[in-house]
Each structure stands twice: as C-alpha cells, then as structure tokens.
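K.L.:
3D model of this:
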Amino acid sequence: QVQLVESGGGLVQPGGSLRLSCAASGSILEVYTMTWYRQAPEKQREPVASITWGGMTNYLDSVKGRFTISRDNAKNTMYLQMSSLKPEDTAVYYCSANIHRIGYSNLVNFWGQGTRVTVSS
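P.N.:
Below is the predicted model:
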C-alpha cells in the first residue's frame, strides 16, 4: 500500500512563513509529478504548485514569488516553503502524487489527508 502524509501546517501571523512537507511511503517504484492543492472554506480545491520528477515547477499566479515547491527524490518527499503569508492563504493543504507502485504497470494518483494552514493575527 502507498501513503502520502503531510505535515507542517499551523497558525501563523500575516507576513509569516511555514514549510509544509509531504512524504510518500509504501511499495513505491517511482514518484512522478507531485502537486500541492488547497481548499479554503466554502471554496473549490485548487492546485497551488506542482513539480515533476525532473524538477520542473508550476505555480498558481497568486502564490508566485511567495511560495517555493521542491522535492527530494531519494526520500520521496515534497516540500512547500510558504513566505509572506496572507489571510487568503488560509486553507487545508493537500498533497497529491502520481505513483508507480512495485508490481504494477500503471500510474495511480494518491492523496494525503491534508494539513491545515491558518493565517491570522
């Protein structure tokens, strides 16, 4: 079985920083594109940033210049460094990854359980 576990959320003041982590574990052959999503109260889930196995990145326009996505392929772990946080960044942040499992030929998209980020004074 494969699991994605997020960590690093919490309460932070506007202008502050947080670093989220997402670790994939289990019967993994390879982890391909990894993506951070977020869902604010009463809003649809939206992609925040993504990173390919080779390190190519994409960002939601509203977080460009403030958030940095990275990954450690040896650890099957993805990070999201969030700086200059704003109240509108408040949401539950989820990680998602396309994973090639040992013993299977297809890629499957897995999700973590989410970590809450609250930006408030």
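
K.L.:
buried ones in stretch 54-71?
P.N.:
Residues of stretch 54-71 classed as buried by neighbour count (16 or more other CB atoms under 10 Å): 59, 63, 67-69, 71. For every residue, glycine as well, the C-beta is placed using N, CA and C.

K.L.:
identify the farthest-apart pair in the residues you listed.
P.N.:
The most widely separated members of those, counting by CB to CB, are Val63 and Arg71 (16.8 Å).

K.L.:
looking at the buried residues of stretch 54-71, which is nearest Glu42?
P.N.:
Val63 (19.9 Å).

K.L.:
does that closest one touch Ser50 like I think?
P.N.:
No. Applying CB atoms under 8 Å, one finds Val63 not in contact with Ser50, separated by 11.8 Å.

K.L.:
which residues of the protein fall in helices?
P.N.:
Read by DSSP state H, the chain holds no helices at all.

K.L.:
quick test: name the residue nearest the centre of it.
P.N.:
Trp36 (3.0 Å; CA atoms, centre = their mean).

K.L.:
and that residue, bridged to which residues?
P.N.:
Using DSSP bridges, the beta-bridge partners of Trp36 come out as Ala49, Cys95.

K.L.:
ok, it touching Leu20?
P.N.:
Yes. Taking CB under 8 Å as the definition, Trp36 is a contact partner of Leu20 at 7.1 Å.

K.L.:
and for those two, which residues touch both?
P.N.:
By CB atoms under 8 Å, 6 or more residues apart in numbering, Trp36 and Leu20 have these common neighbours: 80, 93, 95.

K.L.:
would you mind checking these for buried ones?
P.N.:
Applying 16+ other CB under 10 Å to the shared contacts of Trp36 and Leu20 flags 80, 93, 95 as buried.

K.L.:
now do the contacts for the last one.
P.N.:
Contacts of Cys95 were listed using CB under 8 Å, 6+ apart, and they are 4, 6, 20, 22, 34-37, 78, 111-112.

K.L.:
among these, which lie within strands?
P.N.:
Among the contacts of Cys95, the ones falling in strands (DSSP state E) are 4, 6, 20, 22, 34-37, 78, 111.
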